[in-house]
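Q: Next one to model:
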Amino acid sequence: MSQIAQELGLRPEHFNKEDSTTALLVYIAGLLGVMIVNMDEKKKASPFLRFHMTQSIGLIVVMVVVSFITCGMGGLIYLPLALVYGMKAQRGEVFEIPVITRFMMDRGYFDGVKEALALPPPPAPM
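A: Numbers count the residues shown, from 1 in each chain. Prediction:
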């Protein structure tokens, strides 16, 4: 278990196979993927997906800033990074993106993950 997972209280039982494909989508589709996941109450309540949605948004913000500074050349880096991080998320990993995750953790951006851990699971659809 990674250090970030221990700090947030994420355990293997917070991950399921259905969330793995969605986590991949969150990294590959970027903000569109995050918006799609936020429309589904069941997925939005998943601590695993909340972690990856938050981390994905951080990566997108950094890539936009880098692209602006480098006149768009930084944008070429996003797709390979999104693929690598998306595939790690699909395997059920809770990992740290160097600098970005720790920066966001120190500022409380992952508090939603802790809130999701405290919530009861949503009722099953009939």
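
Q: what residue ranges in this protein score low on pLDDT?
A: 1, 119-126 (pLDDT under 70).

Q: show me where it has helices.
A: For the chain, applying DSSP state H gives helices covering 3-8, 17-28, 31-39, 41-44, 47-69, 75-90, 100-106, 111-118.

Q: Which strands or helices does the last one pack on?
A: Other elements packing on helix 111-118 under the criterion 3 or more Cβ pairs under 8 Å, 6 or more residues apart in numbering; DSSP states H and E are helix 3-8, helix 47-69. Placement of C-beta: from N, CA and C, glycine included.

Q: Turn the helices of the chain into a markdown table, columns for mean neighbour count.
A: Formatted as a markdown table, these follow (neighbours: other Cβ atoms under 10 Å):
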| stretch | mean neighbour count |
| --- | --- |
| helix 3-8 | 16 |
| helix 17-28 | 20 |
| helix 31-39 | 15 |
| helix 41-44 | 15 |
| helix 47-69 | 20 |
| helix 75-90 | 16 |
| helix 100-106 | 16 |
| helix 111-118 | 16 |
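
Q: picking that back up, okay if I get the helices and strands packed on helix 111-118 as a markdown table plus distance to Lys17?
A: Shown next, in a markdown table, are those (distance: least, Cβ to Cβ, whole Å):
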| stretch | distance to Lys17 |
| --- | --- |
| helix 3-8 | 18 |
| helix 47-69 | 11 |
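
Q: For Val37, find the nearest of those helices.
A: Minimum separation from Val37 across the helices and strands packed on helix 111-118 (Cβ to Cβ) falls at helix 47-69, 6.0 Å.
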